[in-house]
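> Predicted coordinates and the sequence they were generated for:
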Amino acid sequence: MQEAAALVKDVTTTKFDASVDIDVRLGVDPRKANQMVRGIATLPHGTGKTVRVLVLCTPDKEEEAKAAGADYVGLDDYISKIEGGWTDIDIIITMPSVMAKVGKLGRILGPRNLMPNPKTGTVTTDIGKAVADVKAGKIDFKVDKTGIIHTSIGKVSFPPEKIYENALEVLQTISKLKPSAAKGTYFKSIYLSSTMSPGIQVETKSVAGI
């Protein structure tokens, strides 16, 4: 996989600093609840992206959210903004006590994968930690309906070893999440690619710890 991490830099010809993505095809049937794979990984070197975080919280939590680095903090005013079509953010973090209000935004946030979820740590009473984790490189991923996990793991400007270490963290996390109901080969294929580049196949047997 170290070779693929180096190659993905070589085959990228974009003039901008493209994202590096990993695509993992799993031997699961995501239509069955007991074979759904969803998890969280904290990339050791972050994603290289500036993550825009909105915190929807009660006034007593606003200072905590701002101190942790949240880009936008508030409640009713931002709910109104989202109802008006504003979604210029990457992640929304909220707290259990205001989920009733946030839940009404499901039809707008759901399709954009922005809906906060306790399983991914974005509905929590520990607002400051949640914001800090996301800013430091915490990502969440889930298998799509075709059995593929697709997520960004860095930028082309990263040294190959950082791309490799981020990819390894994601793959080892996916490995630990293998559903007991999944039969046969779990890792069917692994590809690294960047925006606009061809995919580079990774030999699954070459990855340590999966």
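Arrived safely, thanks for sending. Numbers count the residues shown, from 1 in each chain.
> How are the strands of this structure distributed by residue range?
19-26, 38-42, 53-56, 72-74, 91-94, 138-142, 148-155, 187-194, 200-202 (DSSP state E).
> Tell me which of those lies nearest to Ala130.
Checking the strands of the chain against Ala130 by Cβ to Cβ gives strand 91-94 as the closest, at 4.8 Å. No exception for glycine: its C-beta is placed from N, CA and C like everyone else's.
> Are there helices or strands packed against the closest one, and which ones?
strand 53-56, helix 127-136 (3 or more Cβ pairs under 8 Å, 6 or more residues apart in numbering; DSSP states H and E).
> most packed of the ones you listed?
For these, the largest average neighbour count (mean count of other Cβ atoms under 10 Å) is found in strand 53-56, namely a mean of 26.
> which outside residues touch that one?
Applying Cβ atoms under 8 Å, 6 or more residues apart in numbering, the contact partners of strand 53-56 are 61-62, 65, 69-75, 78-79, 89-95, 98, 101-102, 116, 127, 131, 134-135.
> same check, this time on stretch 173-180
Identification of contacts with stretch 173-180 by Cβ under 8 Å, 6+ apart yields 24, 26, 28, 34-41, 141, 149, 186-187, 209-210.
> lowest-confidence stretch among the helices and strands packed on strand 91-94?
Ranked by mean pLDDT, the helices and strands packed on strand 91-94 bottom out at helix 127-136, which scores a mean of 95.
> That one vs strand 138-142, what angle?
On the basis of axes from the mean of the first three to the mean of the last three Cα atoms, to 10 degrees, helix 127-136 is oriented at 80 degrees to strand 138-142.
> which strands and helices sit next to helix 127-136?
Packed next to helix 127-136, using 3+ Cβ pairs under 8 Å, 6+ apart, are strand 53-56, helix 62-67, strand 91-94.
> Could I get the contacting residues of the residue lying closest to Gly48 once chain neighbours are set aside?
Leaving aside its chain neighbours, Gly48 sits nearest to Lys155 (3.5 Å; criterion: Cβ to Cβ, 6 or more residues apart in numbering). By Cβ under 8 Å, 6+ apart, the contact list for Lys155 reads 17-20, 47-49.
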